[in-house]
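build me a structure from this.
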Amino acid sequence: MATMDIPLLAFALVFALAFANGANDVSKAIATLVGSGVTDYRSAIAWGTVWTMIGAAVAAFVARAMVNTFSHGLIQSGTIIEPAATLAVLTGAMAWVLFASHTGLPVSTTHALTGAIVGTGLVTFAGEGLIWSALGKKIALPLLFSPFLALTISLLIHPAVRALARKWEGSCLCVMPASRALVAIDPRGETRTLFQTAHFGQPVIAVPSQCDRAGLQGLVVGLDTIHWISSGLASFARGTNDAPKIVAMLLLGSATAAWSSASSQLAAFGGVALAMGLGSYFGGLRVTEVLAEKVTRMDHSEGLSANLTTSLLVLVSGTLGLPVSTTHISSSAIIGIGLLKGWNSVRWTTVRGMVLAWVVTLPASALLACIAYLILTRVL
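A predicted model of the protein is given here:
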């Protein structure tokens, strides 16, 4: 294969990995919308797709620490990484995530990439070029600790969310641009003006929705709306967390963690965002069904608690450059919600399958990367 074809192949594999990531991971933020009966699968997946793509695009400006961790933070300085090794890492991670998505298993792209890097490092330079302390501190500890933290946080915040949801149930807010007012409507349809001003000038938008119970014209904001927002926030967090790990593979083996130009960086993140969106929309149904229906049944407040836990932990860890798994956090939060309703409320057969997939991801992606490397060294 010509040298000029290798970068093109690397780009193709990066986008294929992003597609696989979207197919497996879009479910983590929108499964609660379906599981609690807020909407149907297709609408939830479309919503998650949009916010995932926005998060992935924003990552180009806020996720440099994550790019550095996965492009250079795990490899000894001065270690020569041949093109076949980079392609093998991408192939091993992509193959495993695609297989998991096809079978409906919610797995971690972070785990898959880590396993592929370690597997390729072992077969190319006997592991001597890997920074094992960084693998433990930056990868292993956050991945192992985050599921327990997510489960604990969901257990702690859910009682408060549930109490607020009960108080809010049946009530809504009505945003009235024409009157420049915010009106609260209780379950009986009685209204109370919370805010109104005459100093904003003429309204610039007309909202067609109606606050039907009180006969008011405006945009209704109820418990469903808050659940939608929390799901969008979790999808946004997932995009900012996963996109930089995938884009970093384009810098694996380069002399520095710098892009040749700002336009190349934006093109890489834009392409990954698009591929994640395509994978989310066209391949996200199977894993969403597992998390929405086969772990535990959820109501409004339970889904909201799970989403708040997921978005909080993923956004904070992404800002700090800690590569946690959205899969582990979201799934653990949902399990924690189920435990609050009793041990038998959780479908442990499904949970065992999920945990087994988490455990198998590292060795499976490492093995696939090793096989890919052996094949690529003969072809390139």
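
isn't Thr319 right next to Met66, touching?
No: contact criterion C-beta atoms under 8 Å: Thr319 and Met66 do not qualify, at 9.3 Å. Using the backbone N, CA and C atoms, a C-beta is placed for each residue, glycine as well.

these two - which one has more neighbours?
The residue with more neighbours, out of Thr319 and Met66, is Met66; 27 against 14, by other C-beta atoms under 10 Å.

report the separation between that one and Leu356.
27 Å (C-beta to C-beta, to the nearest Å).

and if you look at Cys370?
Applying C-beta to C-beta, the value for Cys370 to Leu356 is 21 Å.

quick one, which of these two is more surrounded?
Per other C-beta under 10 Å, whichever of Cys370 and Leu356 has more neighbours is Cys370, with 19 against 11.

please identify the buried residues of the helix or strand harbouring the more buried one?
Following DSSP states H and E, one finds Cys370 within helix 348-379. By neighbour count on 16 or more other C-beta atoms under 10 Å, the buried set for helix 348-379 is 350-351, 353-354, 357-358, 360-362, 364-366, 368-373, 376.

likewise stretch 170-177?
Residues of stretch 170-177 classed as buried by neighbour count (16+ other C-beta under 10 Å): 172-177.

now stretch 142-155
Of all the residues in stretch 142-155, those buried under the rule 16+ other C-beta under 10 Å are 142-143, 146-147, 149-151, 153-155.

which elements pack onto the stretch of helix or strand Leu113 belongs to?
Using DSSP H and E, Leu113 sits within helix 109-125. Packing partners of helix 109-125 (3 or more C-beta pairs under 8 Å, 6 or more residues apart in numbering; DSSP states H and E): helix 5-25, helix 83-103, helix 141-168, helix 223-247, helix 348-379.

ok, which of those helices comes nearest Leu278?
For Leu278, the closest of the helices and strands packed on helix 109-125 is helix 5-25, at 5.8 Å, according to C-beta to C-beta.

domain ranges for this structure, per the record?
5-165+224-379, 172-221 (automatic domain parsing).

pick the most buried one from these.
Across the domains of the chain, averaging neighbours per residue (mean count of other C-beta atoms under 10 Å) puts domain 5-165+224-379 on top, at a mean of 21.

so where is the stretch 201-350 of the chain shaky, pLDDT-wise?
For the stretch 201-350 of the chain, the stretches flagged by pLDDT under 70 are 201-221, 253-258, 296-297, 300, 321.

all helices of it, in order?
In the stretch 201-350 of the chain, the segments counted as helices under DSSP state H, counting those that start in this stretch are 223-247, 262-283, 285-293, 300-320, 326-340, 348-379.

let me have these in JSON lines, extended by distance to Met94.
What follows is the helices of the stretch 201-350 of the chain, written out as JSON lines (distance: least, C-beta to C-beta, whole Å):
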{"stretch": "helix 223-247", "distance to Met94": "10"}
{"stretch": "helix 262-283", "distance to Met94": "11"}
{"stretch": "helix 285-293", "distance to Met94": "16"}
{"stretch": "helix 300-320", "distance to Met94": "22"}
{"stretch": "helix 326-340", "distance to Met94": "16"}
{"stretch": "helix 348-379", "distance to Met94": "9"}
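
so which of the ones you listed is nearest Asn24?
The closest of those to Asn24 is helix 285-293. By C-beta to C-beta, the value is 5.5 Å.

which strands and helices sit next to the closest one?
Looks like helix 285-293 contacts helix 5-25, helix 27-35, helix 41-62, helix 83-103, helix 326-340 (3+ C-beta pairs under 8 Å, 6+ apart).

go again with 7 Å.
Helix 285-293 is packed against helix 27-35, helix 41-62, with contacts defined by 3 or more C-beta pairs under 7 Å, 6 or more residues apart in numbering; DSSP states H and E.

quick one, the first one and helix 262-283 angle?
Using axes from the mean of the first three to the mean of the last three C-alpha atoms, to 10 degrees, one finds that helix 27-35 and helix 262-283 are set 40 degrees apart in direction.

could you point out which of the helices of the stretch 201-350 of the chain sits nearest Leu130?
Across these, Leu130 has its closest neighbour in helix 348-379 (11.9 Å, C-beta to C-beta).

hmm, back to that, relative to Ser264, which of the helices and strands packed on helix 285-293 is closest?
Among the helices and strands packed on helix 285-293, helix 41-62 sits nearest to Ser264 (C-beta to C-beta), with 10.9 Å.

tell me how far that closest one lies from the chain's centre.
Here helix 41-62 is found 9 Å from its chain centre; the criterion is C-alpha atoms, centre = their mean, to the nearest Å.

tell me the angle of the helix or strand just after that helix relative to helix 262-283?
Note on helix 41-62: by DSSP H and E, the next helix or strand toward the C-terminus is helix 64-71. Helix 64-71 runs at 80 degrees relative to helix 262-283, counting by the same axes, to 10 degrees.
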